[in-house]
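*Asks:* sequence plus the predicted model coming up.
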Amino acid sequence: MSKSIITSLDTFARVRLSKSFFMRDFLYSETAAALGLSNLPKDKDLAVKAGKGLCENVLEPLQDAWGRIHIRSAYRSEEVNQAGNELGANCATNEKNYAHHIWDVKDEQGNYGATACIVIPSYLDYYEQSGDWTSLAWWIHHHIPAYSSMYFFPTLCAFNINWNENSNKPKNIKSYIVDPNTGHKKAILSNGQESEFYVGISPKDRFVKCTDLLK
C-alpha cells in the first residue's frame, strides 16, 4: 500500500459529519479487522451525505439530550456486510442493508440513508435494572422525529437507528428484547402504526420514565 493511499484514507476519515462526529467514528468493524477486509465506501460522496443526514438529524439531538453516545457499529462496505451475513454475525443481506449499514448504496426506492448501532450509557443502568427499552424507544419517537427505524438488542440496550432521506417513509420500532409491558417481542410500531397495547396510552405516559431520568 502506497503512502498516497494512506493519506487519502486518512483525509476521508477526517471528514466532519456534524458538530461532534467525524467519518472515522463510524468506520471501525470487528468483522473487517478480523478478516482483513477493507471497510471503506466505493461512493465516498454518497456515504458522507448519508452520514451527515444521520448525524445532524438524529445522533446530535440524541447526544444533546442524553450525553455521550457510544457507536457500536455503523458503516459497512458491501464486502464486510456480506461476510458478516455469511458468518451469521447479526448482519442482514446486502440488499436489506442498502441505505442502512451500507451507506454508499441507495435502497430499492432510490433513497439514500444511514444506520448506526449505538448505546446510550446514561440509560444503561436503568435498563439493566428494569429491562425497559420501550421508554427510550418512545422518547426518541416523540422527540427526534427525523429517525426512520429502530431495532433494539438485549446486550447493553444497543439499538440500530436509521435515518433516510425519505422523511415520509413509515416508521418502525422492533426489538429482540421482550417488552416488559406486554411480555412479547412484537414490534411496538409497525409501518407507522402503534401496536394494540400502546394505542390507548398517551405519548407522554409511554416515555415518562425517560423524563424522570433526564431531570
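*Replies:* Done, it's in. Residues are numbered from 1 along each chain as shown.

*Asks:* so residue 58 touches residue 161, yeah?
*Replies:* Yes: A contact is recorded between residue 58 and residue 161 when judged using Cβ atoms under 8 Å, the distance being 6.0 Å. (Glycine included, C-beta is placed from N, CA and C.)

*Asks:* shared neighbours, the two?
*Replies:* Shared contacts of residue 58 and residue 161, defined by Cβ atoms under 8 Å, 6 or more residues apart in numbering, are found at residue 147.

*Asks:* mind checking how far residue 58 is from residue 80?
*Replies:* Taking Cβ to Cβ, to the nearest Å as the measure, residue 58 and residue 80 are separated by 22 Å.

*Asks:* so the residue positioned nearest the centre of the chain, which state does it fall into?
*Replies:* The centroid of the chain falls nearest to residue 161 when counting by Cα atoms, centre = their mean (2.6 Å). State at residue 161, reduced to three classes by DSSP: H, G, I helix; E, B strand; the rest coil: strand.

*Asks:* with adjacent residues omitted, what lies nearest to it?
*Replies:* Setting aside the residues directly before and after it, residue 161 is nearest to residue 150 in space (Cβ to Cβ, 6 or more residues apart in numbering), at 5.2 Å.

*Asks:* what's across from the one you found in the sheet?
*Replies:* Beta-bridge partners recorded for residue 150 (DSSP bridges): residue 161, residue 173.

*Asks:* could you count how many residues lie near it?
*Replies:* Summarising burial for residue 150: neighbours were counted as other Cβ atoms under 10 Å, giving 24.

*Asks:* how much space between it and residue 28?
*Replies:* From residue 150 over to residue 28 the distance is 22 Å, taken as Cβ to Cβ.

*Asks:* ok now stretch 133-142, how far from the chain's centre?
*Replies:* Average the C-alpha atoms of stretch 133-142, do the same for its chain, and the two points are 14 Å apart (Cα atoms, centre = their mean, to the nearest Å).

*Asks:* please read the previous query as pertaining to stretch 69-84.
*Replies:* Averaged C-alpha coordinates place stretch 69-84 at 11 Å from its chain's average position (Cα atoms, centre = their mean).

*Asks:* low-confidence bits of this structure, can you list those?
*Replies:* Applying pLDDT under 70 to the chain flags the ranges 1-5.
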